[in-house]
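[1] Quick one: sequence and predicted model below, then my questions.
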Amino acid sequence: RTSFGSGFWVMEAAALLAVLDGVRRLGLGPGGRIAVGTLAAALIGGQLAAGHLDQLSIMKEYANQRDVFADAVLRHAALVVAALAPTLLIGVPLGIGAQRSPAVGRLVFPVLNVVQTIPSIALFGLLLAPLSALGFGGVGPVPAVIALTLYSLLPIARNTAAGLAGVPEPAREAARGMGMTPGQIFWRVEVPLALPVLLSGLRITLVQAVGLAAVAALIGAGGLGAIMFQGLFANALDLVLLGAVPVILLAVAADAALKLASALALSRIGRPAA
């Protein structure tokens, strides 16, 4: 087996900084940045497909974990998606209510801020007793999805409120002058103008959930975190990397996709992309 030494990681970090600086100097937009990232991934994928990296320790670990690796990736993605649906169903209405009523905002945001300060392991422990009493059990995917949802509510609710609050009042007045009902104003004026900020909150939520889902392996939820902790308990760094690298790639892919979606939304309403 062959493992990467410290010199490789230093050079890799330097190369990454050089690429990021080049992208910044070229002034590439989200689409250009995604193209550069795709090209880099294709180069690495070509090396993998050709078998040039088969002797690396991480690839040896992959060969040993081949039977469970794909299932771990799918389970990890399923946990994130399962948490995303209730997050949107709960967080968006909370954000709308907080923007419409300051009293609701003064109640909702402090509570969600407190939830964010609870360590993930502690939150899993707090959910153990009530879920067991309700018959769901304190381990497995159910408490993991609930915990991920609770952690994800703050950025969604806050960005929803901020996006709606940022809608120019003249746009609302113009819509009223055209005879639009409050419902039409909300869906045809406020939502399109607030969408880029909402997508920004969704981007933060999704990246955060991808990382936190790894910790859910400690309560039997499975996913890539199970491979990571297996490597930690066995003191096998390459096995840890086998679980950690796909988590990083999933987070980067989700971030890039939502960044592109946000840029497209901004371009459609005629505002410059940040």
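    Thanks, I have the structure now.
[2] Mind picking out the helix or strand in this protein with the poorest mean pLDDT?
    When each helix and strand of the chain is scored by mean pLDDT, DSSP states H and E, helix 120-133 comes last, with a mean of 79.
[3] and the helix or strand that that one is followed by, what does it pack onto?
    Per DSSP states H and E, the first helix or strand lying C-terminal to helix 120-133 is helix 141-165. Applying 3 or more CB pairs under 8 Å, 6 or more residues apart in numbering; DSSP states H and E, we find helix 141-165 packed against helix 66-100, helix 102-117, helix 120-133, helix 191-215. In this view, the C-beta of every residue, glycine as well, is placed from N, C-alpha and C.
[4] Show me which residues of helix 141-165 are buried.
    141-164 (16 or more other CB atoms under 10 Å).
[5] picking that back up, among the helices and strands packed on helix 141-165, which is the most enclosed?
    Among the helices and strands packed on helix 141-165, helix 191-215 has the highest mean neighbour count (mean count of other CB atoms under 10 Å), at a mean of 21.
[6] pLDDT on that one, on average?
    Averaging pLDDT along helix 191-215 gives 89.
[7] Repeat that for stretch 67-87.
    Mean pLDDT, stretch 67-87: 92.
[8] again, but for stretch 15-24
    85.
[9] Could you tell me how far it lies from the centre of the chain?
    Counting by CA atoms, centre = their mean, to the nearest Å, stretch 15-24 is centred 23 Å from the centre of its parent chain.
[10] which other residues reach that stretch?
    The contact list for stretch 15-24, computed with CB atoms under 8 Å, 6 or more residues apart in numbering, reads 32, 33, 36, 40.
[11] which one of those sits closest to residue 99?
    residue 33 (31.4 Å; CB to CB).
[12] so the closest one sits right up against residue 256, yeah?
    Yes. At 7.2 Å, residue 33 and residue 256 qualify as touching, with contact defined as CB atoms under 8 Å.
[13] shaky segments in the protein?
    Within the chain, the ranges that satisfy pLDDT under 70 run 1-2, 137-138, 268-274.
[14] Dihedrals phi and psi, residue 236?
    phi -110, psi 100 (degrees, to the nearest 10).
[15] returning to what we had before: just the buried ones among the contacts of stretch 15-24, please.
    Buried, going by 16+ other CB under 10 Å: 33, 36, out of these.
[16] Give me the subset of the contacts of stretch 15-24 that lies in strands.
    Using DSSP state E, no member of the contacts of stretch 15-24 falls within strands.
[17] Same list (the contacts of stretch 15-24) but as a markdown table, adding distance to residue 250.
    Formatted as a markdown table, the contacts of stretch 15-24 follow (distance: CB to CB, whole Å):
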| residue | distance to residue 250 |
| --- | --- |
| 32 | 22 |
| 33 | 17 |
| 36 | 19 |
| 40 | 16 |
